[in-house]
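what would the 3D arrangement of this be:
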Amino acid sequence: GILNLVAATTLTDSGNWTSANAGPLSVFSANLGTVIFSQASGTETLYNDTTFNNIVHTGAATLQLTSSPVDPNRALVVNGTLTNAAAAGNFNVNNLAVVVIGPTTLAGGDYLASTVVQNFYGGLTLTGGTLTASTGAINIGALSIAAGTFIGASGPIVATSVSLSGGSLTIPSGSILNIN
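Numbering: from 1, shown residues only. Predicted coordinates:
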């Protein structure tokens, strides 16, 4: 089947999101739409081979990326915004790459980064929650921390600017924070 989000349509999903290319859903067109992941408990899986416009994670369940059988090494692409809401559970990228073109906001939960690159080209704002880095590089437009915690690891972190008005930023010994 074909799922086409027209204009600024919002779709709420409280279950698992399987491959847009391998399951009953053969074509997904995000257009200007938003997909809200709202599962209340447990783990809600999201195949990595779908391109979204906006993703909002509101459910208390962990939203976890899963390798698609069609394209297991593809990055999850978000052309608009990525938001992990204040009451949301963790966002676990599960050793998969993420590319967000628009702004990313972490208001709750724990964004569990990966051994592969995480790209937040539209910037990353922490208003709560925690971003826990790993060995993979993290490329950020502007990093802004108003509340919450950014915990670096051994992977390089590159940002165009850093603003710390609250919360905390931890860069461990041996880690690299490059502001350019």
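
could I get the contacting residues of the spatially most central residue of the chain?
In the chain, the residue lying closest to the centroid (C-alpha atoms, centre = their mean) is residue 82, at 5.7 Å. Going by C-beta atoms under 8 Å, 6 or more residues apart in numbering, residue 82 touches 54, 55, 98, 100, 102, 103, 104, 105, 120. (C-beta placed from N, C-alpha, C; glycine too.)

what helix or strand does the fifth one sit in?
Right, residue 102. If you go by DSSP states H and E, residue 102 is not part of any helix or strand.

start at 14 instead
With 14 as the first residue, the last one maps to residue 115.

quick check, it in contact with residue 93.
Yes: contact criterion C-beta atoms under 8 Å: residue 115 and residue 93 qualify, at 4.5 Å.

mind listing the shared neighbours of those two?
Taking C-beta under 8 Å, 6+ apart as the criterion, residue 115 and residue 93 both touch residue 67.

the residue nearest to the centre of the chain pairs with what?
Beta-bridge partners recorded for residue 95 (DSSP bridges): residue 68, residue 117.

distance of it from residue 180?
19 Å (C-beta to C-beta, to the nearest Å).

re earlier: in PyMOL, select just the buried ones from the contacts of residue 95.
A single PyMOL command selects the buried members of the contacts of residue 95 (16 or more other C-beta atoms under 10 Å):
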select buried, resi 67+68+111+113+115+116+117+118+133
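
what's the closest of the contacts of residue 95 to residue 79?
Set against residue 79, the nearest of the contacts of residue 95 by C-beta to C-beta is residue 111 (13.1 Å).

nearest to residue 89, of the contacts of residue 95?
Using C-beta to C-beta, the contacts of residue 95 come closest to residue 89 at residue 111, 5.0 Å.

that closest one contacts residue 132, doesn't it?
Yes: with contact defined as C-beta under 8 Å, residue 111 counts as touching residue 132 (6.8 Å).

now for the two: what residues contact both?
With C-beta under 8 Å, 6+ apart, residue 111 and residue 132 have common neighbours residue 88.

hmm, back to that, could you dump the contacts of residue 95 to CSV with pLDDT?
Output for the contacts of residue 95, formatted as CSV (pLDDT from 0 to 100):
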residue, pLDDT
67, 95
68, 97
111, 96
113, 98
115, 98
116, 98
117, 98
118, 98
133, 98
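
TSV for the contacts of residue 95, including distance to residue 156?
Listed next are those as TSV, based on distance: C-beta to C-beta, whole Å:
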residue	distance to residue 156
67	21
68	20
111	16
113	13
115	15
116	12
117	10
118	12
133	8
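
pretty sure residue 92 is touching residue 47, no?
No: at 11.5 Å, residue 92 does not count as touching residue 47 under the criterion of C-beta under 8 Å.
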